[in-house]
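J.: Generate a structure from the sequence data that follows.
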Amino acid sequence: MKFIFAFVLIALFIAPVAQAQKPQPPRSQTYVGFITDTMCGRDHKAMNVTPDAKCVRDCVGDGKTYKYALADANGMYTLSDQETPAKFAGERVKVTGVLYAKTNILKVERIERAN
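T.: Residues are numbered from 1 along each chain as shown. Alright, predicted model coming up:
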């Protein structure tokens, strides 16, 4: 009987501690920046292709080598959606989604032009 009581007491103590240590899932946020590509990043001058929108689309091409990305004040993030950004290439946008810091991939929920 003492064994069962001790077991229950230990279980009651450990359960809240284990619950508190569960990592929280990443939350959706809005990022404001420019649609670019993973080759040029923020600066398209070296490619000598104008306007920037054409350079971005040319660099991404078939998407096998370079990807669409969002460049903001804090860095550059590869976008999970590689179709929608094409129509916003070189433009200032708001991207709503979840940033996975380990992979630097922004899982896109929505892209819209920024004011």
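
J.: what about Thr78, distance to Ser28?
T.: Plainly put, Thr78 is 17 Å away from Ser28 if you go by Cβ to Cβ, to the nearest Å. C-betas here are computed from N, CA, C, even on glycine.

J.: higher neighbour count, the two?
T.: For Thr78 and Ser28, the more surrounded residue by other Cβ atoms under 10 Å is Thr78, and the numbers stand at 17 against 11.

J.: Quick check: beta-bridge partners of the more buried one?
T.: Note on Thr78: beta-bridge partners by DSSP bridges are Ala69, Ile105.

J.: Let's see stretch 106-115 as PDB, backbone CA atoms only.
T.: C-alpha atoms of stretch 106-115 as PDB (Å, rounded to 0.1, in the frame of the first residue of the first chain):
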ATOM      1  CA  LEU A 106       9.200  30.700 -43.800                       C
ATOM      2  CA  LYS A 107       6.100  28.500 -44.200                       C
ATOM      3  CA  VAL A 108       3.900  30.800 -46.200                       C
ATOM      4  CA  GLU A 109       0.200  31.300 -45.200                       C
ATOM      5  CA  ARG A 110      -0.400  34.500 -47.100                       C
ATOM      6  CA  ILE A 111       1.500  37.000 -49.300                       C
ATOM      7  CA  GLU A 112       0.100  40.500 -50.000                       C
ATOM      8  CA  ARG A 113       1.500  43.800 -51.200                       C
ATOM      9  CA  ALA A 114       2.700  46.100 -48.500                       C
ATOM     10  CA  ASN A 115       1.700  49.700 -48.300                       C
END
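
J.: How far off centre is that stretch?
T.: 10 Å (Cα atoms, centre = their mean, to the nearest Å).

J.: ok, now which ones touch the spatially closest residue to Asn104 that is not a sequence neighbour?
T.: Excluding the flanking residues, the one nearest Asn104 by Cβ to Cβ, 6 or more residues apart in numbering is Tyr77, at 5.7 Å. Residues in contact with Tyr77 (Cβ atoms under 8 Å, 6 or more residues apart in numbering) are 31, 69-70, 99, 104-106.

J.: Make CSV from the residues you listed and add neighbour count and pLDDT to it.
T.: As requested, these are exported to CSV (neighbours: other Cβ atoms under 10 Å; pLDDT from 0 to 100):
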residue, neighbour count, pLDDT
Tyr31, 19, 97
Ala69, 27, 97
Leu70, 25, 98
Leu99, 19, 95
Asn104, 13, 94
Ile105, 17, 96
Leu106, 24, 97
